[in-house]
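A.B. asks: Prediction below, plus the sequence it came from.
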Amino acid sequence: MTYAGFDVDKIRLLARELRKAGGGAGGLQRDLAKVLGDAESALNGASPTSYQPLLDTMRGGEARGVPGVLATVLPDTAGEIDRRCDRISPSGAPFPPGTVVDPMIVFDRDEPDQGKVNQALDAIKGLGGDDFGMNGNRDDLRAVAKRLEELTPAELDLFLSKVSDEDLKRYGRLISDTGDGWLNPFDHNGLPDGERREHLSHLLERAGPGLWGKLAADLPGVQPGFDSTDVFLDGANSQSGVSTAGLHYGTPNVPMFVDGVQADEVAQGTLGDCWYIASLKATAAADPKFIQDGIRQNANGTVSVRVWDKDGKLHWVTMTPDLPLDAGGDIAFARSVSGNTTTESWPGYYEKAFALLYAEDKGGAPDGKGGDDRYDREEHGSYGAIEWDYNEQAPPYVTGDDADGIDLDYDDVKKAFDSGHPVIVSSRSSNDGLPANLKASYVTRHVFYVKGFKDGKIVLGNPWGPGSPDAVVTPDEFKKWFDDPQKLSVGD
Amino acid sequence: MEEWRLRRGIPYRLEHGGASLLVGINDLTPGQVVVTVNVDGVPSGTYELGVGDTLDIADRSYTVTAIEADGRGYADLEAGS
């Protein structure tokens, strides 16, 4: 992924235009002042020449407002632009598209205030004491969080480079533990889920790339783990399949977007989260702009995705730009594909944000591995938390609104779809008696999404994505082989 | 020896001879797995297999060595040498 936000040649052209405009501002000021003076002489003091305060500033020789001040402001601004352009593209050298530029250089940040950084270091070290008082530690943690959020990006980088792993890890543990103290049932500890998410996003959005690793290693909730996913656990198992070994975090070698949001191109990866991908694809099909507007790349290279939490509160979940990759370096989980070739990374970031925020995991469907609870334990903030769940669970996180269950009826589904609602539906747990025409496209215990209607039949898309055939079903087949349709609401 | 674990609900993608293949489990019951092989988005075959049965994928023959239908479920395939 690259962050290319500057066309240096055009920016230098802007500087030239600003300098040129500034050069004319002095003359314009003098001309206007002369007109004003002549008018006053002609009126001979009988009445004011103008009631406009703006014109008042033009009287006299010194420029106190526009346009006169532009004679100095615009050349100064042009000089600043040229100076920064020289730093990122010295000596007029070409600026290759896609070049990654350190935001610290481009934005010319102020020198960090050492005193503020030291205060933050002292504050976080001070959390090492065990006694937070009868009311718990939440107020103490909020004070430290506020202090960290008040640091400029340069100060935050300095802080992170100086803070010990021990202190930062202790802070991470404390803000993540919201449990009551056993002696005092009325205390408040840790930072509540949403507040902690906002805090971590704030830090990530400002920290320099070289310090993301430290944040991820020391603060729970910065990077979702994948070591509890079925695919990873299978890889560690002697009976493993071929696709699991080598799963690792890395930067995708495809852009976030190539041709905008295309729902058809979204493909479920090796994660058992059809129940989420179906909602994402259904929403992307109904309102691509809604999905595209819900993701952004920040100045420091991190990525933020809009997700609503279980209480319906909107969050921009900020994450590092790396994603789980397979041994070959391809995105292992959700992504866009053409054929089998990965083309875009944006679905992976939506999925990663969901993994960080999803808080309703109850362990998912049982795994049938008696005594091995690694597969279906209750989790939070990891990819394992979003494997195997129920179709109505995902929509609130994607759209901000609870899904509405609708009747398992062709007309009701068509009415919802035609009025702009994405619709998802579960399949049954058995395919006994499945007609031959559905043998290849029907998958049991799966979630499909409605793609449209054709010749009186419902066209259902598979979250597996390109390469998987649509299930095209009659109204009767829909009623017999599917269950629990959900109507999503976008932007209500 | 190449082994595959096909897990219920997960698509498996591979390239072969210029074609894009997608293999997935359609259904699992005790002792039987239903697998579809799609080539460039078109189903080339749907197979009902038990342990010991073989399946050809991308010019290789795979033998079903285990089927677990409970819970999330999976089938293990082993490529012939």
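C.D. replies: Now that the structure is in, tell me what you want to look at.
A.B. asks: Please count neighbours and contacts with C-alpha atoms only from this point.
C.D. replies: OK.
A.B. asks: who in chain B is up against chain A?
C.D. replies: Contact residues (CA under 8 Å from any CA of the partner chain) of chain B with chain A: B:2-6, B:9-15, B:20-22, B:25-27, B:36, B:38-43, B:45-46, B:70-73, B:76.
A.B. asks: List buried residues within these.
C.D. replies: Among those, those scoring as buried are B:3-6, B:9-13, B:20-22, B:25-27, B:36, B:38-43, B:46, B:72-73, B:76 (criterion: 16 or more other CA atoms under 10 Å in any protein chain shown).
A.B. asks: Quick one: mark the members of these that sit in strands.
C.D. replies: Using DSSP state E, the subset of these located in strands is B:3-6, B:12-13, B:20-22, B:25-27, B:36, B:38-39, B:42-43, B:46, B:76.
A.B. asks: got the contact list for stretch A:427-446?
C.D. replies: With CA atoms under 8 Å, 6 or more residues apart in numbering or on different chains as the test, stretch A:427-446 has contacts from A:274-275, A:426, A:447-448, A:468-473, A:481-483, B:9, B:25-27, B:36, B:43, B:45-46.
A.B. asks: other SSEs contacting the strand or helix carrying residue A:212?
C.D. replies: Using DSSP states H and E, residue A:212 falls within helix A:212-218. Counting contacts by 3 or more CA pairs under 8 Å, 6 or more residues apart in numbering or on different chains; DSSP states H and E, helix A:212-218 packs against helix A:165-176.
A.B. asks: quick one: contacts of the helix it packs on?
C.D. replies: With contact meaning CA under 8 Å, 6+ apart, helix A:165-176 is reached by A:124-125, A:127-128, A:138, A:141, A:189-193, A:196, A:214, A:218-220.
A.B. asks: likewise stretch A:214-223?
C.D. replies: The contact list for stretch A:214-223 (CA under 8 Å, 6+ apart) reads A:160, A:165, A:168-169, A:171-173, A:176, A:197, A:200, A:204, A:319-320, A:356, A:381-382.
A.B. asks: let's see 7 Å
C.D. replies: With contact meaning CA atoms under 7 Å, 6 or more residues apart in numbering or on different chains, stretch A:214-223 is reached by A:165, A:168, A:169, A:172, A:200, A:319, A:356, A:381.
A.B. asks: One more: stretch A:484-492?
C.D. replies: Contacts with stretch A:484-492, where a contact means CA under 7 Å, 6+ apart, come from A:392, A:395, A:399, A:401, A:403-408, A:416, A:421-426.
A.B. asks: hmm, which of these are the buried ones?
C.D. replies: Buried members of the contacts of stretch A:484-492, counted by 16+ other CA under 10 Å: A:392, A:395, A:399, A:401, A:403, A:408, A:416, A:421-426.
A.B. asks: Now for the residues you listed: which two are most distant?
C.D. replies: Across the buried ones among the contacts of stretch A:484-492, the longest distance by CA to CA is 22.1 Å; it joins A:399 and A:408.
A.B. asks: Please pull out the lowest mean pLDDT helix or strand from chain A.
C.D. replies: helix A:103-106 (a mean of 59; mean pLDDT, DSSP states H and E).
A.B. asks: Need the CA coordinates for the helix or strand that comes right after it. CSV is fine.
C.D. replies: Moving toward the C-terminus from helix A:103-106, the next helix or strand (DSSP H and E) is helix A:114-125. C-alpha atoms of helix A:114-125 as CSV (Å, rounded to 0.1, in the frame of the first residue of the first chain):
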residue,chain,number,x,y,z
GLN,A,114,10.0,17.7,26.4
GLY,A,115,8.2,18.8,29.5
LYS,A,116,4.8,17.4,28.4
VAL,A,117,6.4,14.1,27.3
ASN,A,118,8.1,13.8,30.7
GLN,A,119,4.8,14.5,32.5
ALA,A,120,3.2,11.7,30.4
LEU,A,121,6.0,9.3,31.2
ASP,A,122,5.7,10.1,34.9
ALA,A,123,1.9,9.7,34.8
ILE,A,124,2.1,6.2,33.2
LYS,A,125,4.8,5.1,35.5
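A.B. asks: And helix A:114-125, what does it pack against?
C.D. replies: Packing contacts for helix A:114-125, counted by 3 or more CA pairs under 7 Å, 6 or more residues apart in numbering or on different chains; DSSP states H and E, involve helix A:138-149, helix A:153-162, helix A:165-176.
A.B. asks: Export the ones you listed to CSV and append columns for mean pLDDT and distance to residue A:285.
C.D. replies: Listed next are the helices and strands packed on helix A:114-125 as CSV, based on pLDDT from 0 to 100; distance: least, CA to CA, whole Å:
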stretch, mean pLDDT, distance to residue A:285
helix A:138-149, 95, 38
helix A:153-162, 92, 38
helix A:165-176, 96, 36
